[in-house]
Structure formats: C-alpha cells, structure tokens
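1. With the sequence up front, the predicted model follows.
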Amino acid sequence: AQSVTQPDIHITVSEGASLELRCNYSYGATPYLFWYVQSPGQGLQLLLKYFSGDTLVQGIKGFEAEFKRSQSSFNLRKPSVHWSDAAEYFCAVGAQGAQKLVFGQGTRLTINP
Amino acid sequence: EAGVAQSPRYKIIEKRQSVAFWCNPISGHATLYWYQQILGQGPKLLIQFQNNGVVDDSQLPKDRFSAERLKGVDSTLKIQPAKLEDSAVYLCASSLKGESHGYTFGSGTRLTVV
C-alpha cells in the first residue's frame, strides 16, 4: 500500500523568499504524484502532477516539483513566494490503474511580510 | 464548467444525532469520491462510486456511515449516530474516467459534533 510523509507540519518564510516543501512517498511501483493546495474554508486545488517523463514538473501559480526516484521524494518549490501563497499544502500519491489518492498530513505555510 | 457542489457548508450537531451531506459532481463525471479530513490531517478516502455502484468502501465505518449515489449523479453521505470523533471536513470529488489524475474537489462540508 502506498503512503506519504510530509516531514514539516508548519513552515514560515518571508515574502519574496524561496520555498521548498518536502514530500516522501512509499510505493513499490512508479507512482502518480500530486501536490494540492487548500486555502482556509476551501477545497483542494491541484497545483501539479507527475505520471512519467520529465522529472521536473511545472504547475500553476509558479510552482514546480521534482520527482527523485532514488530518494522517493517529490518536493515542491517556488523561487519567490507571495503573501497569497499562505495555505495548507498536501502531497498525494496514487497507484497506476487505481483510483484513490493517499494524502500526506499536510504542511501549513505562513508568509511573513 | 461548474465545479463540484456540496451542501451544507457548515453543520453543528450533538452527538448521537444524525446528519446528511449532499454532493453534485461535475456533469458527466462517472466517478465520485467522499473523503474525510480531520483537523491537522490529510484527507482520507471513505467511499468511491463508479456511476451508481460502490468501488471501494473499505475505510467507511459502516456501523454509522452510509452513502448512496442514486442514478449515478448526486450522492448523499449520512452519519447516524454521530460521534465526537466524526468532527471533520467532508470533501466530495469527482473524475471523468475514474483515474486518480483527474480529480476535482468540492469546497467541503465542515461538521462539528458537540
């Protein structure tokens, strides 16, 4: 069965600084990997996804993530954060051919002005 | 394209009462999912429908939770009787082909059991 670990529960960065959110997964085959963002009182919005091919994936809102099979990681990055990026971020893994997603516990991002 | 609609947005009930949540998926989406998100945790799948049939309900507490998807469109999730630990956000999602990369989530229903 697949699982996801997000080691950081809460991260604070200054506006304009770079950001990296960590995600480690466990799955025996090639996974489908996702990053979602959730603003307070809102549902989950897909930022980006990886299925195969280029291991550096570009998403919306200037986010990118890199799949590293050797490290079982799929870290999310942004070169310069904006105050509007403050939210909860979830990494998720899905198995090929299966349909459910398994989510990490989330990382809460706070932006200092 | 209209998104996934959920109602109500918020609900407060006393323990042992019953409650129902409603979800209207994106038109044409065959697969519908209910996830439970407890505060401080990631969402956890409760049940998955393909059209009006259940695909996966292995994590649904069937002694108190039930769900149906009549006519393969709208879905209702019910809790009876509710417990304090059922306090959570209940998220509905739908997808066109039932593949994990095609999800759209609704805004959720926040349930507080007191």
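-> That came through fine.
2. which residue sits closest to the residue nearest the centre of chain A, ignoring its sequence neighbours?
-> By Cα atoms, centre = their mean, chain A has its centre lying nearest to residue A:35, at 3.5 Å. Residue nearest to residue A:35 in three dimensions, not counting chain neighbours: residue A:47, with 4.4 Å by Cβ to Cβ, 6 or more residues apart in numbering or on different chains. Where you see a C-beta, it was placed from the backbone N, CA and C, and this is true even at glycine.
3. which residues touch the residue most central in space within chain B?
-> Geometric centre of chain B, nearest residue: residue B:34, 3.1 Å, by Cα atoms, centre = their mean. Going by Cβ atoms under 8 Å, 6 or more residues apart in numbering or on different chains, residue B:34 touches B:23, B:45, B:46, B:47, B:48, B:67, B:75, B:77, B:90, B:91, B:92.
4. what about it, distance to chain A?
-> Residue B:34 sits at a distance of 11 Å from chain A (criterion: Cβ to the nearest Cβ, to the nearest Å).
5. so that residue, which of the three states?
-> Secondary structure assignment for residue B:34 (DSSP: H, G, I helix; E, B strand; the rest coil): strand.
6. Can you name the residues of chain B that neighbour chain A?
-> Neighbours of chain A within chain B, by Cβ under 8 Å from any Cβ of the partner chain: B:4, B:31, B:33, B:40-45, B:48, B:55-56, B:91, B:93, B:95, B:98-101, B:103, B:105-108, B:110.
7. Buried members of those into ChimeraX, please.
-> If you want just the buried ones from the residues of chain B next to chain A in ChimeraX, going by 16 or more other Cβ atoms under 10 Å in any protein chain shown, the selection is:
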select /B:4,31,33,42,43,44,45,48,55,56,91,93,95,98,99,100,101,103,105,106,107,108,110
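8. wait, what's in contact with the nearest residue to residue B:44 once chain neighbours are set aside?
-> Spatial nearest neighbour of residue B:44, chain neighbours left out: residue B:36 (5.3 Å); criterion: Cβ to Cβ, 6+ apart. By Cβ under 8 Å, 6+ apart, residue B:36 lies in contact with B:43, B:44, B:46, B:88, B:89, B:90, B:91.
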